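> Okay, here's the prediction I keep looking at, along with the sequence it came from:
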Amino acid sequence: MREIKYRGMDINNNWHYGLLAHTENKKVACGDIGYFISNKAGCAFAYQIRPETVGQYTGIYDRCGNKIFEGDIIKYPSRPNVKPFEVKWSLFGACWNISKEEGQNSDIIGNVTDNPELLGVKYEI
């Protein structure tokens, strides 16, 4: 079974990793509504994150042993004709658009939040 883990960026542009909680339309003790990622210690504290930056861990590693998350931008050093692409969940195929074997032959070169230009796209956050 793969590890269930998320990442997201807070309003200060810091990345956080852990479990995801979504409190929209729910009354919570702190009064905040939004997306939260728990801290590393597992204490009763979580970082509020921007929803457009949330990405789930795929359970796949690149060739350097880095965890591949949804939203990462991948390239294949051994296949220079293949353009870099964003890792996404496919609802149609109910799977990631990268396999474990492909991941082991790939490099993470950035992510869509920090490096959208790697895909030839400009995002304003």
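Everything's here; your move.
> Every contact and neighbour count from this point should use C-alpha atoms.
Noted.
> if I pick the most centrally placed residue in the chain, what's in contact with it?
With distances taken as CA atoms, centre = their mean, the residue of the chain nearest its centroid is Gly55 (2.7 Å). Each residue near Gly55 by CA atoms under 8 Å, 6 or more residues apart in numbering is listed here: 6-8, 69-71.
> need these in CSV with neighbour count, secondary structure and pLDDT, can you?
Below are the contacts of Gly55 laid out as CSV (neighbours: other CA atoms under 10 Å; DSSP: H, G, I helix; E, B strand; the rest coil; pLDDT from 0 to 100):
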residue, neighbour count, secondary structure, pLDDT
Tyr6, 20, strand, 93
Arg7, 23, strand, 95
Gly8, 25, strand, 95
Phe69, 23, strand, 96
Glu70, 21, coil, 95
Gly71, 23, coil, 96
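> What about Phe45, how many residues nearby?
12 (other CA atoms under 10 Å).
> quick one, phi psi at Leu91?
Leu91 adopts backbone torsions of phi -70, psi -30, taken as degrees, to the nearest 10.
> Now do Cys43, the pLDDT please.
pLDDT, Cys43: 58.
> Kindly report the same for Ile60.
Looking at Ile60, the pLDDT reads 94.
> Use 497 as the first number from now on
Yes, from this point I'll number from 497; that puts the last item at Ile556.
> Tyr531 versus that one, what's the distance?
Counting by CA to CA, to the nearest Å, the separation of Ile556 from Tyr531 is 24 Å.
> just Arg503 next, same as before
From Arg503 to Tyr531 the distance is 11 Å (CA to CA).
> Let me see the contact set for Asp506.
512, 543-546.
> Kindly report the domain assignment for the chain.
Following automatic domain parsing, the chain resolves into domains at 502-548, 552-615.
> in its sheet, what does the longest strand seen in the chain sit against?
If you go by DSSP state E, the chain has its longest strand at strand 551-557. When pairs are called by DSSP bridges, strand 551-557 turns out to pair with strand 502-505 (antiparallel), strand 563-565 (antiparallel).
> Just the contacts of Asp506: which are in strands?
512, 543-545.
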